[in-house]
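J.: Fold the following, please.
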Amino acid sequence: MTYKEIHFQEFGVTAQLSTFAPEGKVREQHAILHVEPRDEQFEGQFRRLCQAEQALLALDVCAGSETIFKRYFLSDATNQQPLVKERLSQGSSVSYIQQPPLDGSKVAAWLYMVHDMDVENHDGLVIAAHNGYQHLWKMGMHEHKGDSAWQTESLLIDYEETLQRYGATLEANCIRTWFYVRDVDTQYAGMVRARRENFEEQGLTKNTHFIASTGIGGSPADTRALVQLGTYALIGFRPEQQRYLYAKTHLNPTYEYGVTFERGTRIDYGDRRHVYISGTASINNRGEVLYEGDIVRQTHRMWENVEALLAEAETTFDDVAQIIVYIRDVADFATVSRLFAERFPQTPYVITLAPVCRPTWLIEMECLAIRQVTNPDFRDF
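T.: Predicted coordinates for the structure are as follows:
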């Protein structure tokens, strides 16, 4: 993994870029784009962000890369999403969610780029194909009727029907999900209940497995939507390529406190390993919140938990390609920003305002790691 920070001074945008590029293999890149506010309204900030994205893709380090996934972190999704949609091309799977970046700007972005893959957009479902694998990204799914439980059930049924059209299932092929919940303190329970009931129908139980996931506060642009779903699925891999991560010295199984997701998932290919770390907070192996009210100690315990999950996957923070940080209290931003800048001076990350599912959790993070491996039993990525 290599890291590069690129300043586009003319646009007032900084791009934090990670690149995984084994010689002669598919290149993967993750970029977090940060915008200087410059006392501008959203339209000006977003225009500069788009210009910087184009400039990034034109650099030698990204030559030939194609963006297959974008997530925009917005300060006011309802009013800003229409302006975002006007400027977007149709090649990427796009997620927009109200999780304000806390650097003073109105927008930040996470981009996932690949080189030398066949990419197609099927009405919002982006499929990146290479070497017998199909990577399916579908973002921004939401409903506008019913409560959070009804919307969650409806979204999962629709997604399961989408997978079936490609010969896939939720149980066998879905690798990663994101559930964004409006007013998480009141609506999260309904999402959790509906997800658990749906998963049981699909054969996802404590005796089989769940799916790596983040369930976090975030407001969809549609004011009637209480839940927004994003997903990543993989077709063409063998079951033995996938392993689930537990870190039982630090964390307990999620079903013990009524939720249904895996702490992390490892996918092995012939030439690399992907590690998806779910939303992780300051918790112990009895499911208890640690260090209530102390943002510094919660941050350190969160890192310790993530490090234990990465170690179980035989990876480290040096392999991490990107990090998303969620905090409950905007007043904690300066402290969290300082801590992350000291610990991760090169890794792309963004810090957003997004309450965690328990009020006493002040901070949560998710990340994705990529490590070079050689496994002759599996096809390359």
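
J.: how near is Pro100 to Asn79?
T.: Summarising the geometry, the distance separating Pro100 from Asn79, computed by Cβ to Cβ, to the nearest Å, is 13 Å. Every C-beta, even on glycine, is put in place using the N, C-alpha and C of the backbone.

J.: more neighbours, the two?
T.: Set side by side, Pro100 and Asn79 show more neighbours around Pro100, with 21 against 12, by other Cβ atoms under 10 Å.

J.: what's the closest non-adjacent residue to that one?
T.: In this structure, Pro100 finds its nearest non-sequential neighbour in Ser75, 4.0 Å apart by Cβ to Cβ, 6 or more residues apart in numbering.

J.: Got phi/psi on the one you found?
T.: Ser75 has phi and psi values of phi -90, psi -20 when expressed as degrees, to the nearest 10.

J.: That one: how many residues sit nearby?
T.: Summarising burial for Ser75: neighbours were counted as other Cβ under 10 Å, giving 20.

J.: didn't it look like it was pressed against Gln98?
T.: Yes: using Cβ atoms under 8 Å, Ser75 is in contact with Gln98, at 7.2 Å.

J.: Packing partners of the helix or strand hosting Ala369?
T.: Counting by DSSP states H and E, the secondary-structure element that holds Ala369 is strand 363-372. Under the contact definition 3 or more Cβ pairs under 8 Å, 6 or more residues apart in numbering; DSSP states H and E, strand 363-372 sits against strand 212-217, strand 272-280, helix 295-312, strand 320-327.

J.: quick check: angle from it to strand 272-280?
T.: Compare the direction of strand 363-372 with that of strand 272-280 by axes from the mean of the first three to the mean of the last three Cα atoms, to 10 degrees and you get 170 degrees.

J.: which ones are touching Lys206?
T.: Contact analysis of Lys206 by Cβ atoms under 8 Å, 6 or more residues apart in numbering lists 253, 255.

J.: quick one: it is in a strand?
T.: No: using DSSP: H, G, I helix; E, B strand; the rest coil, the secondary structure at Lys206 is coil, not a strand.

J.: and Asn375, what does it touch?
T.: By Cβ under 8 Å, 6+ apart, Asn375 lies in contact with 268-271.

J.: Just those residues: which are in strands?
T.: By the criterion of DSSP state E, membership of those in strands covers Asp268.

J.: what's in contact with the particular helix or strand that has Trp137 in it?
T.: Counting by DSSP H and E, the element that carries Trp137 is strand 133-142. With Cβ under 8 Å, 6+ apart as the contact definition, strand 133-142 has outside contacts at 68-69, 71, 93-96, 117, 124-129, 151, 155, 158-159, 162-163, 166, 168, 173, 220, 222, 225, 227-237, 379, 381.

J.: Quick one: buried ones out of those?
T.: Members of the contacts of strand 133-142 that pass the buried threshold by neighbour count (16 or more other Cβ atoms under 10 Å) are listed as 68-69, 71, 93-96, 117, 125-128, 151, 155, 159, 162-163, 168, 173, 220, 222, 225, 227-235, 237, 379, 381.

J.: among these, which are in helices?
T.: When those are checked against helices using DSSP state H, the ones located there are 151, 155, 159, 162-163, 173.

J.: Can you pick out the most distant pair from those residues?
T.: For those, the maximum inter-member distance is 22.7 Å, found between Gln151 and Asn173 (Cβ to Cβ).

J.: wait, doesn't Leu74 sit right on Ser105?
T.: No: no contact is recorded between Leu74 and Ser105 when judged using Cβ under 8 Å, the distance being 10.2 Å.

J.: Mind checking which of these two has more residues around it?
T.: Neighbour tally, Leu74 and Ser105, criterion other Cβ under 10 Å: the higher count belongs to Leu74, 28 against 24.

J.: hey, which helix or strand in the protein has the poorest pLDDT?
T.: Here the helix or strand of the chain ranked lowest by mean pLDDT, DSSP states H and E is helix 77-87, holding a mean of 91.

J.: Now that one - C-alpha only, PDB.
T.: Output in PDB follows, covering the C-alpha atoms of helix 77-87 (Å, rounded to 0.1, in the frame of the first residue of the first chain):
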ATOM      1  CA  ALA A  77     -28.800  16.100   2.000                       C
ATOM      2  CA  THR A  78     -32.400  17.200   1.200                       C
ATOM      3  CA  ASN A  79     -31.300  20.500  -0.400                       C
ATOM      4  CA  GLN A  80     -27.900  19.300  -1.800                       C
ATOM      5  CA  GLN A  81     -28.700  16.000  -3.400                       C
ATOM      6  CA  PRO A  82     -30.500  17.500  -6.400                       C
ATOM      7  CA  LEU A  83     -27.400  19.700  -7.200                       C
ATOM      8  CA  VAL A  84     -25.200  16.600  -6.800                       C
ATOM      9  CA  LYS A  85     -27.300  14.500  -9.200                       C
ATOM     10  CA  GLU A  86     -27.200  17.200 -11.900                       C
ATOM     11  CA  ARG A  87     -23.400  16.800 -12.100                       C
END
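
J.: Return the residues in contact with Asp294.
T.: Listed by Cβ under 8 Å, 6+ apart, the contact partners of Asp294 are Leu362.

J.: Thought Gly218 was touching Gln98, still the case?
T.: Yes: A contact is recorded between Gln98 and Gly218 when judged using Cβ under 8 Å, the distance being 6.1 Å.

J.: Any chance of the contacts of Asn375 in CSV with distance to Asp318 as columns?
T.: As requested, the contacts of Asn375 are arranged in CSV below (distance: Cβ to Cβ, whole Å):
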residue, distance to Asp318
Asp268, 18
Tyr269, 19
Gly270, 22
Asp271, 18
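
J.: neighbour-wise, which of the contacts of Asn375 leads?
T.: Sorting these by how many neighbours each has (other Cβ under 10 Å) puts Asp268 first, at 23 neighbours.

J.: For that one, list each beta-bridge partner.
T.: Counting by DSSP bridges, Asp268 is bridged to Arg273.

J.: What of Ala15?
T.: Note on Ala15: beta-bridge partners Ile6, Leu33, judged by DSSP bridges.
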